[in-house]
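# sequence first, predicted model second:
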Amino acid sequence: MSRRKEVFAINWLEVDAIVNAKHDNPHHILGIHECIDDVYVNVFLPGAKVVSVIDTDADKSYNLISDRVPGFFSVMIKDKGRFNYKIQAKYEDGREEEFIDPYIFDPVIDPIDVSRFNEGVHYEIYEKLGAHPMTVDGIEGTLFGVWAPNAERVSVVGNFNGWDGRRYPMRKLDYSGIFELFIPGDFLDEIYKFEIRTKQGDIVLKSDPYAFTSEVRPANASRVTTLDYKWNDSEWMNKRDKKEADKHEMNIYEVHLGSWKRPKDGREFLSYKEIALSLSEYVLDMGYNYIELMPVMEHPYDPSWGYQITGYFAPTSRYGSPQDFMGFIDYMHKKGIGVIIDWVPAHFPKDAHGLGRFDGTALYEDPDPERGEHPDWGTYIFDYKKNEVRNFLISNALYWADKYHIDGIRMDAVASMLYLDYGRNYGQWSPNMYGGNENLDAIRFIKDLNQEMAEKYPDVLMIAEESTAWPMITSPVSMGGLGFDYKWNMGWMNDFLEYMKLDPLYRKYHHHELTFSMEYAFSEKFVLVLSHDEVVHMKGSMIEKMPGGYEDKFSNLRLAYGYMMAHPGKKLLFMGQEFAQFKEFDESTELDWSLFEFDAHTYIKKYVKELNKLYKTEAALSVLDSDQRGFAWIDDKDANHSIISFERHGEKEKDTLLIICNFTPVEHKNYKLPVPSEGKWKEIFSSDSSKFGGEGKNNKVAKESKAGKLKGRDNYIQINVPGLSFSVFKKVQTKSAVKKLINKEINE
């Protein structure tokens, strides 16, 4: 009688789905289930031969029976309600285990969390999805959660269950697409993946999109961890002020962590801690105040430099743990160095373990191939229409600000997101609903992200790498802009480098390429960049781009760096270019530090260091960086001599600097340089100084101005302009000049 009741109480179609790993709600059949006056305990343990239930409250055990389906064990216990229990199992291979049944728990992820995620506004979703050690109903374990709405079944697999997808199938939460499973036990540091059965019947193994850390490549399983860390950067965080930073120098050293320096003991990489110690010392000595890290998110392929990400929430394990990377940032903050990270929401790779075709469908990527794939890059494009995809990306950006205290995010490849026809020929793209080529969904995503960041982390810089003339990149969203704080000035970079590559004999025919940037310099808030992109793929290093013989190359490079520093805009220079590394960037080896055996490289490093010091100490080079008042041409028309001169202004008249650049090797003696006021003007910096490896033909004494109309000014000085040189002049503040200035300020 009891046996008939047991048989009829179990839905054997569900059992069949469990055994064949097709069930998307295993809690409905597995675990403990109350009937009218008895309970059932059902367990599926492939390979088990003896299974018992231990009543931990009554210290009593019950043997489960498997007489119909191998591996499926069940017991009916009469006159008993729900109780706490453990499962004991003996396997055919001799193994034994005891564990708390994961199928006794109610859903852990709250319906409100589900609803917010499905609406695309749950920006702490990384606290729910992924793998999270926690305590539920007094029992310690780990909650696993993943979004896979089109999967037939999802299981957690790892060494802990022999990578068997029939064990630990997950429950699909109603109306959500989210699968979750709380598994009791200690899973800290265990590796895992999600085994997904698609509706087409295929089985795929996927790394966790929300994993906090992963195995070291080439292995790619996710790893259970916590983000526990005691921060020591409160002083830095409290004084961080984005608005104030806009008025000061922003001098960024761009770094690829794996190839800045390499260990000498046979290891492949230095650790985050080791890099922090040596990199911070070097950066401070050179006078940079920010570092920008090429993507540190987990990626499988070294030559992608991190720009093809598979683990958006995981700092790469190449150099250590999440806590090690937190320690890296903490240490940088302690030393007064801001940390900007590169971030790639534009595309992701097609690696089998990654986001691509995640649940057997185009889930994270746009299903339309015209919008879902980059033809040039061989990668997928995110589907910005989906709430959950936007939520994934926005929460990811906020996560790095929240959990890692980053100071800025440089968004890669923004142009590829904004335009539907980016990288596509006629017939390979379709217009938007208004007939244009703008990607309206991507635009919405960018605006939403920048608004959320501005609201939640107002002192985190948002920087766009955008290569077109798209308007109002750095204008607030409320004014119709995209809401970034800065934009990489790609136009300046392209024009200027093309100009600098020219033989000086021909530069006069391309003078406009040198001066054109000032026609739009204040249309956005810019960062001038000489980045990694310009020293790879046969483009040559910065020193290799320079024309002429050995000495001329260095003279040209000093001139180029000087002009960049004096030009309005924040600054970024890629590692190795500060000491004129001849070889292109190579991620597989460290920078060519041996070059300091040669004087020219020692000189150029010293020059960049002094140039950085000039940038820091002279307010005129930064305080009005994004303000037209901070710049005025003296002469931008002298194409025949390839000479330009201009003024940089601060808030105070005494801060004014005069800049003159000579882009030919021809020296000009007694050159008349107009000045904004009478008095003595002293050359405070020259690229031709002998201490930098120059010829020493710079102006060594202050120059008294002479009256005379020139270029709209009433006074001028006569100076020597060395060939291929950059020079900076500043007014000598004599007692009489100071008195006049005070009287002027009083009258004003």
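All right, it came through fine.
# only C-alpha atoms from now on, for both contacts and neighbour counts.
Fine.
# which residues touch residue 236?
Taking Cα atoms under 8 Å, 6 or more residues apart in numbering as the criterion, residue 236 is in contact with 333-334, 336.
# top of these by neighbour count?
Using other Cα atoms under 10 Å as the neighbour test, the contacts of residue 236 are led by residue 333, with 23 neighbours.
# that one contacts residue 238, doesn't it?
No: the pair residue 333 / residue 238 is not scored as a contact, 11.3 Å apart, by Cα atoms under 8 Å.
# who touches both of these two?
Between them, residue 333 and residue 238 share no contacting residue under Cα under 8 Å, 6+ apart.
# which other residues reach the helix or strand harbouring residue 500?
Secondary structure assignment for residue 500, by DSSP states H and E: helix 490-501. Contacts to helix 490-501, defined as Cα under 8 Å, 6+ apart, come from residues 465-468, 507, 510, 513-514, 517, 528-530, 545-547, 556, 560.
# in the protein, what spans have low per-residue confidence?
Segments of the chain classed as low confidence (criterion: pLDDT under 70) are 1-9, 735-748.
# go again using 80 as the cut-off
Applying pLDDT under 80 to the predicted model, the residue ranges of the chain that meet it are 1-9, 36-37, 79-81, 243-245, 734-748.
# what about the helices in the stretch 451-600 of the chain?
Ranges of helices within the stretch 451-600 of the chain are 490-501, 511-515, 542-545, 550-566, 599-617, based on DSSP state H, counting those that start in this stretch.
# which residues sit against the shortest one?
Residues from elsewhere that reach helix 542-545 (Cα under 8 Å, 6+ apart): 497, 500-501, 534-535, 539, 553-554, 557, 577, 580-582.
# which one of the residues you listed sits closest to residue 363?
Distance to residue 363 across the contacts of helix 542-545 (Cα to Cα) is lowest for residue 534, with 34.3 Å.
# give the contact list for the closest one.
The neighbours of residue 534, taking Cα under 8 Å, 6+ apart as the test, are 540-542.
# out of these, who's the most crowded?
Within the contacts of residue 534, residue 542 tops the neighbour count with 28 neighbours, counted by other Cα under 10 Å.
# for that residue, give its distance to residue 259.
Using Cα to Cα, to the nearest Å, one gets 18 Å for the distance from residue 542 to residue 259.
# one more: residue 292?
The span separating residue 292 from residue 259 equals 14 Å under the rule Cα to Cα.
# tell me which of the two has more neighbours.
When residue 292 and residue 259 are compared on other Cα under 10 Å, the one with more neighbours turns out to be residue 292, at 22 against 19.
# ok now do that one, which residues does it touch?
If a contact means Cα under 8 Å, 6+ apart, then residue 292 has 252-255, 339-342 as its contacts.
# what of residue 293?
Remark: with contacts taken as Cα under 8 Å, 6+ apart, residue 293 is in contact with 254-257, 339-342.
# so how far is residue 343 from it?
Summarising the geometry, the distance separating residue 293 from residue 343, computed by Cα to Cα, is 10 Å.
# and what of residue 26?
38 Å.
# ok, now residue 72?
47 Å.
# just the helices in the stretch 301-450 of the chain please.
322-334, 369-372, 387-404, 414-418, 440-456.
# using TSV, lay out the ones you listed together with distance to residue 280.
Supplementary listing: the helices of the stretch 301-450 of the chain in TSV, determined by distance: least, Cα to Cα, whole Å:
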stretch	distance to residue 280
helix 322-334	6
helix 369-372	40
helix 387-404	17
helix 414-418	30
helix 440-456	27
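# of those helices, which is nearest residue 688?
Counting by Cα to Cα, residue 688 lies closest to helix 322-334 out of those; the figure is 34.1 Å.
# so that closest one versus helix 387-404, what angle?
With axes from the mean of the first three to the mean of the last three Cα atoms, to 10 degrees defining the directions, helix 322-334 sits at 60 degrees from helix 387-404.
# returning to what we had before: by neighbours, which of the contacts of residue 293 wins?
Using other Cα under 10 Å as the contact criterion, the top neighbour count among those goes to residue 340, which has 26 neighbours.
# so that residue makes contact with residue 290?
Yes: between residue 340 and residue 290 there is a contact at 7.2 Å, judged by Cα under 8 Å.
# follow-up on the earlier one: distance to residue 473 added to the helices of the stretch 451-600 of the chain, as CSV?
Compiled in CSV, the helices of the stretch 451-600 of the chain are given as follows (distance: least, Cα to Cα, whole Å):
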stretch, distance to residue 473
helix 490-501, 13
helix 511-515, 22
helix 542-545, 28
helix 550-566, 22
helix 599-617, 26
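# residue 47: which of those is closest?
Shortest separation from residue 47 across these is recorded for helix 490-501, at 61.7 Å, computed as Cα to Cα.
# now do the buried residues in the closest one.
Residues 490-493, 495-497, 499-501 are the ones in helix 490-501 that count as buried (16 or more other Cα atoms under 10 Å).
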